[in-house]
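Asks: show me the folded form of this:
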Amino acid sequence: MTLEELPLAPVSTRPDEATDGYVVALDAAGVPTGLGLATPPGTAGTPAPGTGGGLHPAVLLPAGLSLHELLTGEAVTLLSLNPFGAVVIDASGILGVLEHPTIARHATGADVPAGRTRSDLAHPEDAVLAGVVGVPVARVLCRCGQLNQVTLYDPDYPPTCPSEDGHPLDPQER
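Replies: Next comes the predicted model:
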């Protein structure tokens, strides 16, 4: 089962205009950089974290990725970067949000092998041609202001930010 076959929540690309559901912030190229909840109508003052004023990093998953590939590959490490879920995309654009409860519901009983994210040993599947053209990726804004793109994220050992001083990546809400 591919991600595009799973139930996806609708998402708006206009954070300032959306009043319910999910919103994404886009960069100049139209690629999502943040995902959160729309600011509810009638709320005054500073928006709550994760709403239209403070978006969490956008985790981008290709629509053709299978649920098995998501759960058994390194892409699963990206899911912890956003408390709501991940943005599913294809060549035509954004399809919707794959929410964490949907992943959990469909993953129940799945045979997920032990993780191999902290190993630098070659894996037999590394030599197999990929069935999916897109690569799962998270677009994370560091506290220093640098926009990073990561394919693996371990909060205990964050990747290095490519800024001048090379500090550990420290995700910030947008």
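Asks: and the top helix by length along the chain, what does it pack against?
Replies: Among the segments of the chain that qualify as a helix by DSSP state H, the longest is helix 100-107. The elements that helix 100-107 packs onto, with contact taken as 3 or more Cβ pairs under 8 Å, 6 or more residues apart in numbering; DSSP states H and E, are helix 67-72, strand 85-90. (Each C-beta comes from the backbone N, C-alpha and C, glycine too.)
Asks: got a list of contacts for that helix?
Replies: Applying Cβ atoms under 8 Å, 6 or more residues apart in numbering, the set of residues contacting helix 100-107 from outside is 1, 6-8, 67, 70-71, 79, 83-85.
Asks: quick check: next helix or strand after that helix?
Replies: On the C-terminal side of helix 100-107, the closest following helix or strand by DSSP states H and E is strand 137-142.
Asks: next, the angle from that following strand to strand 85-90.
Replies: Computed by axes from the mean of the first three to the mean of the last three Cα atoms, to 10 degrees, the angle separating strand 137-142 from strand 85-90 equals 130 degrees.
Asks: centre of the chain to strand 137-142, how far?
Replies: Strand 137-142 sits 8 Å away from the centroid of its parent chain (Cα atoms, centre = their mean, to the nearest Å).
Asks: pLDDT (mean, whole number) over it?
Replies: Mean per-residue pLDDT for strand 137-142: 90.
Asks: what's the local residue count around the nearest residue to Glu173 once chain neighbours are set aside?
Replies: Closest residue in space to Glu173, ignoring its immediate chain neighbours: Gly54 at 3.9 Å, by Cβ to Cβ, 6 or more residues apart in numbering. One way to gauge burial is a neighbour count; for Gly54, by other Cβ atoms under 10 Å, it gives 17.
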